[in-house]
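J.: When you get a sec, could you give me coordinates for this:
(one chain, ligands or ions: 2)
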Amino acid sequence: MLQSSKPEIEIALSGVNKWYGSYHALADINLEIAKKERIVICGPSGSGKSTLIRCINRLEVHQQGIITVGGIVLNEDEENIKDVRREVGMVFQHFNLFPHLTVLQNCILAPVWVRKLSKPKATEIAMHFLERVRIPEQADKFPGQLSGGQQQRVAIARALCMSPRVMLFDEPTSALDPEMVKEVLDTMVSLAQEGMTMICVTHEMGFARQVADRVIFMDQGRVVEEAPPTEFFDNPQNERSRLFLSQILH
Ligand code: ADP
Ligand code: MG
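T.: Ligands and ions are numbered 1, 2, ... in the order given. Predicted structure coming up:
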């Protein structure tokens, strides 16, 4: 078989538009994300970053255009949506752990109910990932007994327990006290180094420089610039990117 030099596409958005009522939240988004590619999305508040990544696991519904994940088209077909969600892990700004379940119970819930793993198998996998994020000793605590940084690492472990092919992060460190940002970023860096396909909405420029293959800058629902991090940070081409960078870097 001929070896193709073209990277395999994991996520594709073609002519995607989304409105909230009459508000045009995503305008003509065209993006291709290759397997193992690491993307950082940044841009001003309200520019559509969360909306964009939420459309990728159909937490939000787009009205126009085509989104495919692992070749599966995201449309109203419930089976397709389930298939995509099984492969896409998501980590939110505010952790979204179940407060009435322990750390371990949070981690085994979806593997048992969605992946149909046995409880012992799911527990073994959960403990593996809790060790990965360096908090196995917190397994029997409730989220409210943990620091923000620990909760966010549980949220990452929980997502990993489903063996996702893609991880979406929506400002995972922006609700954390400064001293906890590093422990979460370190976890994300190590994931990135293992070859996970990742899309991270973040303004952590050090992280972007260290791991991103590409930075996508959004403004007013549009992708206005896409470039490798060194180009984007050192020599932004778009006037709005320049303005944004001057605001967050000073
Ligand atoms: P960002 O993540 O870049 O801050 P969002 O994707 O959250 O931006 O929001 C983009 C725009 O869409 C904002 O103007 C926001 O107010 C609006 N928006 C987001 N979610 C909703 C919603 N559920 N209903 C109506 N408008 C929304
Ligand atoms: Mg957002």
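
J.: From Phe92, how far off is the residue nearest the centre of the chain?
T.: Computing the C-alpha centroid of the chain and ranking residues by C-alpha atoms, centre = their mean puts Leu168 first, at 1.3 Å. Shown here: Leu168 relative to Phe92, a distance of 9 Å by C-beta to C-beta, to the nearest Å. Backbone N, C-alpha and C define where each C-beta goes, glycine included.

J.: Likewise for Asn238?
T.: 28 Å.

J.: okay, these two: which has more neighbours?
T.: Phe92 (19 against 14; other C-beta atoms under 10 Å).

J.: and the residue lying closest to Met90 once chain neighbours are set aside, what element?
T.: Distances taken as C-beta to C-beta, 6 or more residues apart in numbering put Leu168 closest to Met90, at 4.6 Å, once the chain neighbours are dropped. Using DSSP states H and E, Leu168 falls within strand 166-170.

J.: Pull the number of nearby residues for Ile108.
T.: Here the number of neighbours of Ile108 (other C-beta under 10 Å) works out to 25.

J.: So it is in contact with Ser118, correct?
T.: No. Using C-beta atoms under 8 Å, Ile108 makes no contact with Ser118, being 10.0 Å away.

J.: Touching both of these two, which residues are there?
T.: Both Ile108 and Ser118 lack any common contact, where contact means C-beta atoms under 8 Å, 6 or more residues apart in numbering.

J.: Quick check: beta-bridge partners of the closest residue to Asp170 other than its chain neighbours?
T.: Closest residue in space to Asp170, ignoring its immediate chain neighbours: Val201 at 5.0 Å, by C-beta to C-beta, 6+ apart. Val201 has the following beta-bridge partners by DSSP bridges: Ile41, Asp170.

J.: Distance-wise, check Val201 relative to Lys141.
T.: 28 Å.

J.: Comparing the two, which residue is more hemmed in?
T.: More crowded of Val201 and Lys141, by other C-beta under 10 Å: Val201, with 22 against 15.

J.: which helices and strands sit right next to the helix or strand harbouring Asp186?
T.: Element membership of Asp186 [criterion: DSSP H and E] is helix 178-193. When contacts are defined as 3 or more C-beta pairs under 8 Å, 6 or more residues apart in numbering; DSSP states H and E, helix 178-193 packs onto helix 148-160, strand 197-201, helix 205-211.

J.: TSV please, covering these and showing distance to Ile9 and mean pLDDT.
T.: Below are the helices and strands packed on helix 178-193 laid out as TSV (distance: least, C-beta to C-beta, whole Å; pLDDT from 0 to 100):
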stretch	distance to Ile9	mean pLDDT
helix 148-160	22	96
strand 197-201	10	98
helix 205-211	20	94
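
J.: show me the contacts for the closest residue to Gln220 other than its chain neighbours.
T.: Spatially, and ignoring its direct neighbours in sequence, Gln220 is nearest to Ser47 (6.2 Å; C-beta to C-beta, 6+ apart). Applying C-beta under 8 Å, 6+ apart to Ser47 gives the contacts Met218, Asp219, Gln220, Gly221.

J.: let's go with 10 Å and repeat that
T.: 25-26, 41, 217-224, 240, 244 (C-beta atoms under 10 Å, 6 or more residues apart in numbering).

J.: pLDDT weak spots in the protein?
T.: Low-confidence segments of the chain (pLDDT under 70): 1-5, 250.

J.: Confirm for me that Ile248 is in contact with Cys42.
T.: Yes. Counting by C-beta atoms under 10 Å, Cys42 is a contact partner of Ile248 at 8.1 Å.
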